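Undergrad: next come a sequence and a model predicted from it.
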Amino acid sequence: MESEKKRKMREAAERIEEEDMEGKRAKVDPLEYRDRVRQEREAARVQAQVFAAQRVAERMAEEKDAESGLQVIEKGEETDSRNGAGDEEEENMKKRRKPAAGATARPLKSINVLWRGLARHREEKVRDRRMRYDLEQSLSRLPTYEDDQEDEDDRTALGKRQTVYVTAEDLDEEDSELDEFNELEDAEKLRRLVEYLRKKHRYCFWCKFTYTDDEMEGCPGVTEEDHD
C-alpha cells in the first residue's frame, strides 16, 4: 500500500514536470529563437575576424621591425668596415648580446595592446607546455657525469646540452591597459585593428591587399559593408 502511494506521487510529480517543460517550449517564439541564433553566429564570426586581424597586425609589425633592424645592422657593418673594427672581442660581445633560443625578445607591455593579448596567450601556453615537459624530464632523469673538459660543442654532440627557456619577464604582472582593451566589444576591437593596418601598413583587412600609397586608391572603404 505504501509503495503504491509512492508510485502515484512519483508519477504525479513527473507529469507536472513534463507539463511545465511543455509550457516553456510553447512560450519560445520561433522568430526570437532564430534571431538569437543569428546573433550568436555573428558574434562568433566577428571574434574570429578579430583574431585574424591581430595575427596580420602582429606579423606586419614584426616584419617592419625586422626590416628596420636589418638596415641598422647593415649601416653598422658598413661603418665598421670603414673604421677597421670587428676584432674577436667585439664579435664575442655581439654574440653574448643575442637572445637565447626560446627567449622572449621584449616585455609584453612593450607590444601594441591591439595584439598584446594574442602574444600573452601564446606565452602562457608555451610556459605551461615547458613546465609539463620539465616535470616529466625531472621524473625520469638519472644523474649524469659532468666532464669539466667538455665544451659546448661536445655537450651538444653528446645530447647533454640544456636549453634554457625564458618567458616574458612581465607575464605574471597586472596589465590594466590590456584589461581595458579586453573589455571592449569585439566589433570595436576589429575597428581599431582595421584602422591600425590602414594607417601603419597601408593594408586593407577586407581587400587582403597592401597598397602602395597612403590614399589606398582602389579600396572601396574602411568597413566590411563597403566591400560587399
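TA: Done, it's in.
Undergrad: next, work out how far apart residue 123 and residue 55 are.
TA: Distance, residue 123 to residue 55, using C-beta to C-beta, to the nearest Å: 15 Å. The C-beta positions use only the backbone N, C-alpha and C, and glycine is treated the same way.
Undergrad: residue 130 now?
TA: In terms of C-beta to C-beta, residue 130 sits 22 Å off from residue 55.
Undergrad: low-confidence ranges in the protein?
TA: Scanning the chain for pLDDT under 70 picks out the ranges 1-10, 12-13, 16, 19-28, 70-105, 140-172.
Undergrad: can you give me the helices for it?
TA: 2-27, 30-83, 88-97, 113-140, 152-157, 176-182, 186-201 (DSSP state H).
Undergrad: output the contacting helices and strands for the longest one.
TA: If I follow you right, that is helix 30-83. helix 113-140, helix 186-201 (3 or more C-beta pairs under 8 Å, 6 or more residues apart in numbering; DSSP states H and E).
Undergrad: now, of those helices, which is deepest in the fold?
TA: helix 186-201 (a mean of 17; mean count of other C-beta atoms under 10 Å).
Undergrad: quick one: contacts of it?
TA: Residues from elsewhere that reach helix 186-201 (C-beta atoms under 8 Å, 6 or more residues apart in numbering): 43, 46-47, 49-50, 53-54, 56-57, 60-61, 64, 112, 114-115, 181, 184, 203-206, 210, 216, 222.
Undergrad: okay, angle between it and helix 30-83 too, please.
TA: 30 degrees (axes from the mean of the first three to the mean of the last three C-alpha atoms, to 10 degrees).
Undergrad: just the angle between helix 186-201 and helix 113-140, please?
TA: 100 degrees.
Undergrad: restricting to C-alpha, output helix 186-201 in PDB.
TA: Backbone C-alpha positions of helix 186-201 (Å, rounded to 0.1, in the frame of the first residue of the first chain) are rendered in PDB as follows:
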ATOM      1  CA  ASP A 186      34.700  42.700 -30.500                       C
ATOM      2  CA  ALA A 187      33.300  45.000 -33.100                       C
ATOM      3  CA  GLU A 188      35.200  47.900 -31.600                       C
ATOM      4  CA  LYS A 189      38.400  45.800 -31.300                       C
ATOM      5  CA  LEU A 190      38.100  45.000 -35.000                       C
ATOM      6  CA  ARG A 191      37.500  48.600 -36.000                       C
ATOM      7  CA  ARG A 192      40.700  49.700 -34.200                       C
ATOM      8  CA  LEU A 193      42.700  46.900 -35.800                       C
ATOM      9  CA  VAL A 194      41.500  47.700 -39.300                       C
ATOM     10  CA  GLU A 195      42.300  51.300 -38.700                       C
ATOM     11  CA  TYR A 196      45.800  50.500 -37.500                       C
ATOM     12  CA  LEU A 197      46.500  48.300 -40.500                       C
ATOM     13  CA  ARG A 198      45.400  51.000 -42.900                       C
ATOM     14  CA  LYS A 199      47.400  53.800 -41.200                       C
ATOM     15  CA  LYS A 200      50.600  52.000 -40.400                       C
ATOM     16  CA  HIS A 201      50.900  49.500 -43.200                       C
END
